[in-house]
Structure formats: structure tokens, C-alpha cells
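Engineer: With the sequence up front, the predicted model follows.
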Amino acid sequence: MVASERLATADIVAAAKWGTGQPIEDPEREAQVLDTVRQQAVERGIEPDAAVAIFRDQIEANKLVQRYLHHGWTANPAQRPTERPDLDEIRPVIDRLNGELLNEIRATAGIRGQPSCRPRLMIALRQVSPEPDTTEPGGANEARHTGIHRAGLIRAAPSLCD
Ligand SMILES: O=C(O)C(=O)C[C@]1(C(=O)O)C=C[C@@H](O)C=C1
């Protein structure tokens with residue numbers, strides 16, 4: 001599920017911005033992402049407004065995870081990232097995933113309008129984030145981490161079905 005891969009970049013973006021004073025929300029970058037998506041949707045025969053709506057949800061989900069992480073790192077210094085990834089290296093990865101998500105949107109055009117779309121989406125969400133084993137060492141941490149990514153995916157999901 002490309003939406004889940006895209007959402008996973010939020011961890012790296014959050015670490016890239018942490019401690020730099022650079023805000024999580026970057027309206028200029030959002031506008032650039034959405035402009036490119038609109039253009040690429042037209043090229044691929046996807047309804048551009050639907051594609052933009054889907055990507056708005058992906059961006060909101062990304063910000064939700066980033067904000068959650070920054071909040072946690074503010075409260076718990078031990079959890080703060082020890083390295084600062086380079087945002088200029090992550091954005092091309094996000095651009096590539098945006099293209100892949102557009103391909104997935106095109107490939108699932110026949111399903112997206114059906115009543116079975118939402119149940120199928122819920123099954124896909126469960127598959128990409130299985131329940132962590134909290135009896136394992138580090139399991140509680142992993143469960144918290146999985147929890148926010150699930151919440152993010154649910155935030156990213158509504159526009160994926162018509
Ligand atoms: O590229 C960034 O700076 C991100 O934080 C990622 C992202 C996105 O999901 O594409 C999310 C929030 C920003 O407002 C802009 C873009």
C-alpha cells in the first residue's frame with residue numbers, strides 16, 4: 001500500500017525538521033506537491049480534483065504523524081532522534097511515492113466507486129500494520145509507534161474511496 005509507505009516518510013521528515021526551527025507545515029511545498037499531482041493526474045487520465053483531494057489527505061496524515069512525534073520528543077528527551085536526515089534527500093523519495101500512488105489510484109479506478117471499497121481499504125490497513133507483540137522487549141514502544149501510524153493511515157484514507 002503506497003499510502004502507508006508515503007506516511008512512513010513522516011518519521012524521517014519529522015527528524016529532519018526537529019531542532020531546526022523549520023515548521024512542520026510548509027505551504028509552499030504543499031502547493032508544489034499538489035500542482036505536480038494535478039498535472040500528473042491529467043497526464044494519466046485520472047480526475048485531477050479527485051487526485052488532489054487524495055493527496056490533501058496524505059499531507060494531513062503526514063503532518064499528524066510529524067506533530068505527534070515532535071510532541072513526544074519534546075516531552076521525552078530520551079526518544080529524540082540522534083541524527084538529522086537531510087530534507088532535500090527525502091523529498092525526492094516523497095515525489096517518487098507520489099507518482100506510485102497516482103499509478104495505484106489509476107489501477108484501482110474500477111474499485112474506488114464501489115460499496116466494497118471501504119471494507120477492502122480497512123482490510124488493507126490491517127495488513128500493512130499488524131498488531132505488535134507487547135510481550136516482546138520494546139513491544140510497548142512499537143505499539144505506540146504502530147498506533148500513530150494507524151491513526152495516520154485512517155486520516156489518509158477517506159478520499160481513497162469515492
Ligand atoms: O516536505 C515536507 O516538508 C513535509 O513535511 C511533507 C509534506 C507532505 O506530506 O508532502 C507534509 C507537510 C508539509 O506541509 C509539506 C509536505
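Structural biologist: Everything's here; your move.
Engineer: For the residue in the chain that the ligand sits nearest to, which residues are in contact?
Structural biologist: Closest residue of the chain to the ligand, CB to the nearest ligand atom: Asn62 (3.4 Å). Where you see a C-beta, it was placed from the backbone N, CA and C, and this is true even at glycine. Counting by CB atoms under 8 Å, 6 or more residues apart in numbering, Asn62 makes contact with 6-7, 9-10, 13, 152.
Engineer: who in this structure is up against the ligand?
Structural biologist: 13, 25-26, 29-30, 33, 58-59, 62-63, 91, 94 (CB under 6 Å from any ligand atom).
Engineer: hmm, try it at 5 Å
Structural biologist: Counting by CB under 5 Å from any ligand atom, the chain comes close to the ligand at 13, 25-26, 29-30, 33, 59, 62-63.
Engineer: Could I get the full set of helices for the chain?
Structural biologist: 2-17, 27-43, 48-75, 87-107, 109-112, 117-128, 139-156 (DSSP state H).
Engineer: ok, residues contacting the second one?
Structural biologist: Contacts of helix 27-43 from elsewhere in the structure, counted by CB under 8 Å, 6+ apart, are 47-48, 50-52, 55-56, 59, 91, 94-95, 98-99, 102, 105.
Engineer: mind checking how far the helix or strand bottoming out on mean pLDDT in the chain is from the chain centre?
Structural biologist: Here the helix or strand of the chain ranked lowest by mean pLDDT, DSSP states H and E is helix 139-156, holding a mean of 83. Taking CA atoms, centre = their mean, to the nearest Å, one finds the center of helix 139-156 at 12 Å from the center of the full chain.
Engineer: Show me which residues of that helix are buried.
Structural biologist: Using 16 or more other CB atoms under 10 Å as the test for burial, helix 139-156 gives 145, 148-150, 152-153, 155-156.
Engineer: what angle sits between it and helix 2-17?
Structural biologist: Interaxial angle of helix 139-156 relative to helix 2-17 (axes from the mean of the first three to the mean of the last three CA atoms, to 10 degrees): 110 degrees.
Engineer: Between the two ends of stretch 13-21, what distance do you get?
Structural biologist: Start-to-end span of stretch 13-21 (CA to CA, to the nearest Å) is 13 Å.
Engineer: I'd guessed Leu87 sits against Ala15; true?
Structural biologist: No: with contact defined as CB atoms under 8 Å, Leu87 does not reach Ala15; the gap is 9.8 Å.
Engineer: Would you mind telling me which of those two has more residues around it?
Structural biologist: For Leu87 and Ala15, the more surrounded residue by other CB atoms under 10 Å is Ala15, and the numbers stand at 21 against 17.
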